[in-house]
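Asker: next come a sequence and a model predicted from it.
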Amino acid sequence: MLEVRQLCVSYGAVEATRNITLTAPEGSTTAILGANGAGKSSLLRAISGIAPVASGDILVGGESIAQLSAEKRARMGLSHAMEGRRIFKQLTVEENLELAWSFGARTPAYATARAAIYDRFPILKEKARVRAGLLSGGQQQMAILSCATIRNPRYLLLDEPSLGLAPIIVTQIYDFISAYARESGTTVIIAEQMAAMALKVTDYGHVLRNGRMVLSGESRDLLARGAESLLSSTYL
C-alpha cells in the first residue's frame, strides 16, 4: 500500500501541494485529477523522490520513504513516467528499453521483458532500431509506457499519459493501462486532466485544486455523479 500523509511540496516560496493525504491500496488504480497548476505533477514527483518535500510523509508498506533518494525508490519497485515525452530521443527504441531495464530489480530477464513489450505493442518491434525522436507522438508514448513497465514495478506513476495525443491513440493507451493494471497487480497512480477517461479505468479518484484536495471517492461514484460537469465546476 502507498500512503501520502499531509504532504506539502514547495518550490521556494511557492506551495505546490498543501496537506495532501491519500491512500492507494495494493493492486488498485487511482486517478489524480485537476487543471494545469493544480499540483498533480508535483504530487507524483514527490512520491518518486524528484520534488522537494517541505513536510508530511510518504509510506510504502507502512514504512516511510520520504528521506530516500529517487534511485533507492526506483530500486524498491517504484516507476515514474513523467509528462512531456520524457524519452531519450537520440537513442533507438531498443536502447531506451535496455536503459530502462538497467534500473531497479531486473526481473524477469531482459529478453523475456522485451518480448512482452513487443507483444503488447507490435509497432515498437517494427521500430526497434529507429531513433525514438522519429516516432509519432503515440508511438513515443507507447515507448515511454514500455520503459516504465519493463521492470514489472510494484508502483507505477503516470503523469498525463494522454497529453497531446489523438483520441483514438488515447483510447489505445488507456486500454493498455487498464489491461496492464489488471494483469500485473501493480498499484497505479495516474495524474490526468481527462477526468472521464481516467475515471473509467481507475478504482479511486482524487481532485486537486490549487494544491489542495477538494474531492475524493470511488471512481464509479464520481462518474455516476456526473464527473465532467462536477469536476469542471471544481476547477473554477
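Answerer: Right, received. Where do you want to start? Residues are numbered from 1 along each chain as shown.

Asker: could you report the neighbour count for E15?
Answerer: 17 (other CB atoms under 10 Å). Just so you know, the C-beta spots here come from the backbone N, C-alpha and C atoms, and that holds for glycine as well.

Asker: tell me the contacts of the closest residue to it other than its chain neighbours?
Answerer: Nearest non-adjacent residue to E15, counting by CB to CB, 6 or more residues apart in numbering: G211, 5.7 Å away. Contact analysis of G211 by CB atoms under 8 Å, 6 or more residues apart in numbering lists 9, 15-18, 20, 38-39, 42.

Asker: out of the residues you listed, the closest to L59 would be?
Answerer: I20 (13.3 Å; CB to CB).

Asker: dig out what that closest one forms beta bridges with.
Answerer: I20 has these beta-bridge partners by DSSP bridges: L7.

Asker: and what of I189?
Answerer: In this entry, I189 is beta-bridged to T30, L157, by DSSP bridges.

Asker: so it touches L2, yeah?
Answerer: Yes: using CB atoms under 8 Å, I189 makes contact with L2 at a distance of 7.4 Å.

Asker: these two: which is more packed in?
Answerer: More crowded of I189 and L2, by other CB under 10 Å: I189, with 26 against 22.

Asker: separation between the more buried one and R45?
Answerer: Look at I189 and R45: by CB to CB, to the nearest Å, they are 12 Å apart.

Asker: shared neighbours, those two?
Answerer: Counting by CB under 8 Å, 6+ apart, I189 and R45 have no shared contacts at all.

Asker: quick one: the helices in this protein?
Answerer: Assigned by DSSP state H, the helices in the chain fall at 40-48, 70-75, 93-101, 110-120, 122-126, 137-149, 167-184, 195-200, 219-224, 227-235.

Asker: quick one on the thing from earlier: need the pLDDT of the residue nearest to E15.
Answerer: Here the pLDDT value assigned to G211 is 93.

Asker: same check, this time on the one 5 residues further on
Answerer: According to the per-residue confidence, S216 scores 92 in pLDDT.

Asker: work out which residue lies at the spatial centre of this structure.
Answerer: By CA atoms, centre = their mean, the chain has its centre lying nearest to L158, at 1.3 Å.

Asker: that older thread, from the helices of the chain, which stretch is densest packed?
Answerer: Mean neighbours per residue, mean count of other CB atoms under 10 Å, is largest over the helices of the chain for helix 40-48, with a mean of 24.

Asker: for that helix, what is the average pLDDT?
Answerer: Throughout helix 40-48, pLDDT has a mean value of 96.

Asker: that helix - contacts with which helices or strands?
Answerer: On a contact count with 3 or more CB pairs under 8 Å, 6 or more residues apart in numbering; DSSP states H and E, helix 40-48 meets strand 2-11, strand 14-24, strand 29-33, strand 53-60, helix 70-75, strand 78-81, strand 155-159, strand 187-192.

Asker: of the ones you listed, which is nearest I87?
Answerer: The minimum distance between I87 and those falls on strand 78-81, with 9.4 Å, by CB to CB.

Asker: give me the sheet partners of the closest one and which way each runs.
Answerer: Strand pairing for strand 78-81, using DSSP bridges, gives strand 155-159 (parallel).
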